[in-house]
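Visitor: generate coordinates for the sequence data below:
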Amino acid sequence: MRFSRAELAAFRGGTLPDLVEPGVRLLFVGVNPGLRTVAVQAHFGRRGNRFYPALFRAGIVDRLIDASAGFLPDDRAHLSARGIGITSLVAAATARADELSVRELTSGARALAERVARIGPRVVAVLGITAYRIAFERPKALVGRQPYEIGGAQLWVVPNPSGLNAHATLAGLADAYREVALAAGIGLFDNSP
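Guide: Residues are numbered from 1 along each chain as shown. The predicted model follows:
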């Protein structure tokens, strides 16, 4: 699917529903949806985003998911069957996450805690240290497991899969995502090349 800049701009402030089904064990938390993601109504729907390739390389899923034109029903069902959920700190779409205010991020963190308590995953993995530090008011936090829980779940910070986070390699993303999947009790596939 192709969109012009004007068409994408019309999705600013738009939202998409969380990917959360009963039995979620690992809840990935993006910063906020991008315009294309809202346009196709699929988390990490921008072609080139490394989220799904990292899930595959980590062995969390058994196939390479392409959400750039929306989710295929089988892919969505596979994520749910694996116990994977996806949500965002801030629901409103922007062209870039750095357009968000401190207030939006901190409000998003408070709302996330309530959502996590309701959903009940074992592990919550926030995608991106910079947004995490701001949203949770933890300016010295490091990537990895955090020393406290959120809504009764282990809280982790893992690298953001955006191409703007160029220093994080696909292998590094896969290693971090594999670690949180194991912490959540998710069995892994052997997807080695």
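Visitor: now the lengthiest helix in the chain: buried residues?
Guide: The residue-count maximum for a helix in the chain (DSSP state H) belongs to helix 102-119. By neighbour count with 16 or more other Cβ atoms under 10 Å, helix 102-119 contains the buried residues 104-105, 108-109, 112-113, 115-116, 119. C-beta coordinates here come from the backbone N, C-alpha and C atoms, glycine included.
Visitor: try stretch 153-170
Guide: Burial within stretch 153-170, assessed by neighbour count using 16+ other Cβ under 10 Å, is assigned to 153-162, 165, 168.
Visitor: stretch 140-157 too?
Guide: Across stretch 140-157, burial judged by 16+ other Cβ under 10 Å covers 141, 143, 145-146, 150-151, 153-157.
Visitor: neighbouring contacts of stretch 109-117?
Guide: 18, 27, 29, 87, 89, 124, 135-136, 150-153 (Cβ atoms under 8 Å, 6 or more residues apart in numbering).
Visitor: in helices, which of these fall?
Guide: Using DSSP H, the contacts of stretch 109-117 in helices are residue 135.
Visitor: any idea which of the contacts of stretch 109-117 is closest to residue 187?
Guide: Nearest to residue 187, judged by Cβ to Cβ, of these is residue 27 at 17.5 Å.
Visitor: and the buried residues of stretch 153-170, which is closest to residue 4?
Guide: So of the buried residues of stretch 153-170, ranked by how close each gets to residue 4 (Cβ to Cβ), first place is residue 162, at 21.9 Å.
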